[in-house]
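In: Make a model of this:
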Amino acid sequence: MNRIKCNLTSILCVIGLISIILSCSENIPPKQEKPVSKPPSKTEREIIEDIRKEFTLINNNTTNYRRVEKTLLAYEDGGKDLEAYFEGNKIRKIVYKGYGFTIQAVEEYYYWSSGSLFFVFKKEERYEPIPPDFIDTELAEVKENRYYFHNNKLIRWLDENKRQASKNDPQFSRAQRNILNDSNNYILKAKSK
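Out: Here you go, the predicted structure:
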C-alpha cells in the first residue's frame, strides 16, 4: 500500500510541476526572432550598369566561345540565319539575321551565365531600289531598339528615337512577351541537332 501511495504521490507531483510550468510559460513573451536582412535591391540604373558591363564582357569574349550557325530559311533573295555563342554548354549570345532584297534585320540576344535573358538589340535596315533598273539599292532607313531585362521582365525599352518607352503602354508588355517567346525559340533552335 505504501508503494501505491508513493507512486500516487509521485504522479501528483509530476502533474503539479507540469501545471506550474504551463502556467508560467503563458506569461513568458515569445522569443523574438531576428529579422532576416535582405541585401538592398538595386536601382534600375545599377541594373542597367551591370547589363552594360556583361554586354561588353560577352562581346569581348565571343572568339573564346563555341559558335554554332544555323540556316533557318534560305531563298533566292534572302533568308534567316542564327548564330549562337556558347560558353561551355550555356548560351551567352544569339544573333538572328533576317534579310531580303529591301530589308535586313539583326537581333542580338544576351544571356547571363545563369541562362537568363538580360538584353536585346534589334536593328532593321530598309533599302530603296535605285531607278532606272531597280537592281541596286540604297539605305533608306535604320531603326534600332534596345530592350533591358531583369528577372525575365522588361525594365527599359529605348525605341528607334532613343526615347524610353512607357511601361504603361500596351506595346511594352507585348514587346516583353514577344521577345521572351523569340528568345526561347532561338535557344531551342540553337541547341537542336
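
In: use CA for all of it now, contacts and neighbours both
Out: Noted.

In: Buried residues of whichever strand or helix holds L57, list them for me.
Out: Using DSSP states H and E, L57 sits in helix 44-60. Residues 47-48, 51, 54-55, 58 are the ones in helix 44-60 that count as buried (16 or more other CA atoms under 10 Å).

In: do stretch 84-93 as well
Out: Applying 16+ other CA under 10 Å to stretch 84-93 flags 84-87, 90-93 as buried.

In: I'd like these laid out as JSON lines, including distance to L188, secondary structure and pLDDT.
Out: Shown next, in JSON lines, are the buried residues of stretch 84-93 (distance: CA to CA, whole Å; DSSP: H, G, I helix; E, B strand; the rest coil; pLDDT from 0 to 100):
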{"residue": "A84", "distance to L188": "11", "secondary structure": "strand", "pLDDT": "97"}
{"residue": "Y85", "distance to L188": "13", "secondary structure": "strand", "pLDDT": "97"}
{"residue": "F86", "distance to L188": "13", "secondary structure": "strand", "pLDDT": "97"}
{"residue": "E87", "distance to L188": "16", "secondary structure": "strand", "pLDDT": "96"}
{"residue": "K90", "distance to L188": "12", "secondary structure": "strand", "pLDDT": "96"}
{"residue": "I91", "distance to L188": "11", "secondary structure": "strand", "pLDDT": "97"}
{"residue": "R92", "distance to L188": "14", "secondary structure": "strand", "pLDDT": "98"}
{"residue": "K93", "distance to L188": "13", "secondary structure": "strand", "pLDDT": "98"}
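
In: Give me the below-cutoff pLDDT ranges for the chain.
Out: 1-39, 76-77, 134 (pLDDT under 70).

In: so where do the helices sit in this structure?
Out: Counting by DSSP state H, the chain has helices at residues 2-25, 44-60, 170-191.

In: how much space between G78 and V95?
Out: According to CA to CA, to the nearest Å, G78 stands 16 Å off from V95.

In: ok, the two, which is more surrounded?
Out: V95 (19 against 16; other CA atoms under 10 Å).

In: my read: that one touches E83, true?
Out: Yes. Using CA atoms under 8 Å, V95 makes contact with E83 at a distance of 5.1 Å.
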